[in-house]
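Engineer: My questions are about this predicted structure, shown below with the sequence.
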Amino acid sequence: MRVALLGSGRGSNAKAILRAKQNGQLGRADIVGIFCDNPHAPMLKLGPRFGVPAFFLDPGPFKTKFSPEQESVWANTLLSHQVDLVVLAGFMRVVKTPLLNAFKNKIINIHPSLLPLFPGLDGIGQTWRADVNEGGCTVHWVTDEVDGGQHLGQIRVSRENSDTLETFTEKIHAAEHVLLPKIIAELSVL
């Protein structure tokens, strides 16, 4: 299974996936490229470190979405790499047509909350402010409804009295780094 990693920033989820591949824990998945919408993102440096091509692709003029023209460029680029699965790993753009059409039922996302609770931006912050006993992360199929696709897996993270927003965030990110590679490995053998 040929996998593309899409991201916007640090690349901690991408790094966890690349480490899992390096350690033989990604099933039959092969990472064929890192694709980033930010030319200055540290994520792009992961490519040379792990022997995977890393690309900056222009996202267009909008901050949280693509222009239809630029989304077509992204879709065509991924199609040219013969991608079987697109993984949104810290990708901070809403995906619409034509990516959804080009990769129907082939795009997954990691979200930092226990969906369906707290979809959209700042899932961890929303969870924290709701003062609930637990948070976590969810991997789901990407559809035209933001964070509304079928769930593929979740990890629950307890919120302790001693937690700060920072420690709670760290625990959720650690859970993401376990869950996302696990789901990719499972999908690679279907």
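Structural biologist: Sure, I can see it. Residues are numbered from 1 along each chain as shown.
Engineer: C-alpha from now on. contacts and neighbour counts both.
Structural biologist: Will do.
Engineer: avg pLDDT for the lengthiest helix in the chain?
Structural biologist: What stands out as the longest helix in the chain, according to DSSP state H, is helix 165-188. Average pLDDT, helix 165-188: 98.
Engineer: helices and strands around that helix, which ones?
Structural biologist: Counting by 3 or more CA pairs under 8 Å, 6 or more residues apart in numbering; DSSP states H and E, the packing neighbours recorded for helix 165-188 are helix 12-22, helix 123-129, strand 134-141, strand 151-158.
Engineer: Please report phi then psi for the residue nearest to the spatial centre of the chain.
Structural biologist: Centroid-nearest residue in the chain: Ala89, 2.1 Å away (criterion: CA atoms, centre = their mean). Dihedral pair for Ala89: phi -120, psi 80, per degrees, to the nearest 10.
Engineer: next one: the one 3 residues further on
Structural biologist: The phi/psi pair for Met92 (degrees, to the nearest 10) reads phi -100, psi 40.
Engineer: mind listing what Pro112 touches?
Structural biologist: Asp122, Gly123, Ile124, Gly135, Gly136, Cys137, Thr138, Ile172, His173, Glu176 (CA atoms under 8 Å, 6 or more residues apart in numbering).
Engineer: Name the nearest residue to it, ignoring sequence neighbours.
Structural biologist: Cys137 (4.3 Å; CA to CA, 6 or more residues apart in numbering).
Engineer: Quick check, pLDDT for Gly60.
Structural biologist: In this model, Gly60 carries a pLDDT of 87.
Engineer: ok, the residue nearest to the centre of the chain - contacts?
Structural biologist: Ala89 neighbours (CA under 8 Å, 6+ apart): Leu5, Leu6, Gly7, Gly11, Asn13, Ala14, Asn109, Ile110.
Engineer: From the residues you listed, list just the buried residues.
Structural biologist: Leu5, Leu6, Gly7, Gly11, Asn13, Ala14, Asn109, Ile110 (16 or more other CA atoms under 10 Å).
Engineer: what's the helix or strand where the first one lies in contact with?
Structural biologist: Which is Leu5. Taking DSSP states H and E as the definition, Leu5 sits inside strand 2-7. The contact list for strand 2-7 (CA under 8 Å, 6+ apart) reads 14, 29-37, 43, 78, 82-92.
Engineer: Emit the ChimeraX select command for whichever of those residues are buried.
Structural biologist: Burial among the contacts of strand 2-7 is assessed by 16+ other CA under 10 Å; the matching ChimeraX selection reads:
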select :14,29,30,31,32,33,34,35,36,37,43,78,83,84,85,86,87,88,89,90,91,92
